[in-house]
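[1] Sequence first, then the predicted structure:
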Amino acid sequence: MARVTLIWAALATAVCAPIAVAAASPQLAWRNPVYIAAGFAGIIALGLMLVQPMLIGGYLPGPSTHRARRAHRWIGGALVMAVVIHVGGLWIANPQDVIDALLFESPTPFSVWGVIAMWAIFAVALLAALRRRLGLRTWRIAHMVLAVVIVAGTVVHGLLIEGAMETVSKAALCALVLAATMKVMADLWVWRKRATAR
Amino acid sequence: MTTVVLNRRILVAAGGAILVTGVSGLLLPARAQGLAPTPSMPGGSNNYRKGAPTVDRIGRGGFLMTGTVRRAGDGAPLAGQRIQIWAHTTEGQEHEPQSHGATLTDSKGMFRLEMPQIVPIFGQPHGHLAYDSGEFETVFLRPVMRSAKDTSLEAHFVLRPV
């Protein structure tokens, strides 16, 4: 029981601590509410990206495989919403810079990574809706490849940004997201190889 | 019928001729041009407002924007040139009028304008500068600060006559 509590508390801390630290950032004083909301939608999306591999890999004690997968799908939907709020909010606050970013014409080195991750997230959502037609195998491979693009793109995007997030808590969350993604990829790979060997 | 005789001597001579004409062709116009004009930077014109007023200081100051304006080719300093400056600062967002101001270069082609502290926005602490008076080609610059704690930033213009 203590172990279960510990794992959930650790996950909650990993996701919420960077958000709390960012909420105390002095940068927020110079920003308008729409820009702040857009920024936090991005931070929350990064946090959700840690929960996703944990759920699908079955690393969280408590929920059954079925319930964990359902939660993974719902959180996937939440990720799409968070990205829409992130990009939409920034667009309202600063349309010219966002249009440059979306057209890959921005001078900022991080926006290209964010835009790639955004399209990969939208692509996963679209493929998820069509997954019955795609077939399970195609869907799984496509989702895994896109998940790598999403995580890599988001982490580079986040690390290169100088914004509300504090450097150490941001780097720690990014490292956890990368580690969890690599672990789930490795586990699914081994599991698949075992399944075909049988 | 003509026979083309290719021997080492001809090849060396031909090669040498190509090298001389080719290399001089590449080098000479560049030397004649001298100092190359500064190209506009991507995103430099974002949140630009035409005709910002010439001011002694933007807002309450505390941050220093400096730079030089020279002529393309001979690099002569250009006096009396109007440079427009704007940024996201502690006193306003990038698009807001109070974040914009203009200044003139002195006899040495140098400009300096005090403005409020620039704070990071859109992921980078950066400023915007424009030359848009028409006598030379318009240039928009977007220099990035090495650290958000910096209290000064510089940008340099080399302008090409229209």
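    All right, it came through fine.

[2] longest helix anywhere in chain A?
    For chain A, the longest helix by residue count, based on DSSP state H, is helix A:167-197.

[3] what about A:W30, neighbour count?
    As a burial measure, A:W30 scores 19 neighbours (other Cβ atoms under 10 Å in any protein chain shown). Bear in mind the C-beta positions are built from the backbone N, C-alpha and C, glycine included.

[4] Before we move on, what's the pLDDT of it?
    Looking at A:W30, its pLDDT reads 94.

[5] my read: it touches B:P120, true?
    No. Contact criterion Cβ atoms under 8 Å: A:W30 and B:P120 do not qualify, at 9.0 Å.

[6] if we can go back for a sec, in terms of secondary structure, what does the longest helix of chain A contact?
    Using 3 or more Cβ pairs under 8 Å, 6 or more residues apart in numbering or on different chains; DSSP states H and E as the contact test, the elements touching helix A:167-197 are helix A:2-23, helix A:33-56, helix A:136-160.

[7] Out of those helices, the one nearest chain B is which?
    Across the helices and strands packed on helix A:167-197, chain B has its closest neighbour in helix A:136-160 (7.2 Å, Cβ to the nearest Cβ).

[8] hang on, the earlier thing: the longest helix of chain A vs helix A:136-160, what angle?
    160 degrees (axes from the mean of the first three to the mean of the last three Cα atoms, to 10 degrees).

[9] Next, the buried residues of helix A:167-197.
    Buried residues in helix A:167-197, counted by 16 or more other Cβ atoms under 10 Å in any protein chain shown: A:169-170, A:173-174, A:176-178, A:180-181, A:184-185.

[10] returning to what we had before: ranking the helices and strands packed on helix A:167-197 by burial, who's on top?
    A comparison of those by mean neighbour count, using mean count of other Cβ atoms under 10 Å in any protein chain shown, puts helix A:33-56 on top with a mean of 21.

[11] any idea which helix or strand comes after that helix?
    With elements assigned by DSSP states H and E, the helix or strand that comes after helix A:33-56 is helix A:65-93.

[12] what about that next one, distance to the chain center?
    Distance, stretch centre to chain centre, for helix A:65-93: 8 Å (Cα atoms, centre = their mean, to the nearest Å).

[13] Any part of the next helix-or-strand element following it near chain B?
    As assigned by DSSP H and E, the chain's next helix or strand after helix A:65-93 is helix A:95-102. Yes. Judged by Cβ under 8 Å from any Cβ of the partner chain, helix A:95-102 and chain B are in contact via A:96-97, A:100.

[14] quick one: helix A:95-102 to helix A:65-93, angle?
    Using the same axes, to 10 degrees: helix A:95-102 against helix A:65-93 is 130 degrees.

[15] Is B:T103 bridged to anything, and to what?
    Going by DSSP bridges, B:T103 is paired in beta bridges with B:I83.

[16] Counting neighbours, what do you get for it?
    23.

[17] Repeat that for the one 10 residues further on.
    Applying other Cβ under 10 Å, we find 23 other residues in the vicinity of B:L113.

[18] Isn't A:A128 up against A:H143?
    Yes. A:A128 is within contact range of A:H143, at 7.5 Å (criterion: Cβ under 8 Å).

[19] could you list every residue that touches the residue most central in space within chain A?
    With distances taken as Cα atoms, centre = their mean, A:M49 lies nearest the centre of chain A, 3.1 Å away. Shown in contact with A:M49 (Cβ atoms under 8 Å, 6 or more residues apart in numbering or on different chains): A:79, A:150-151, A:154, A:177, A:181.
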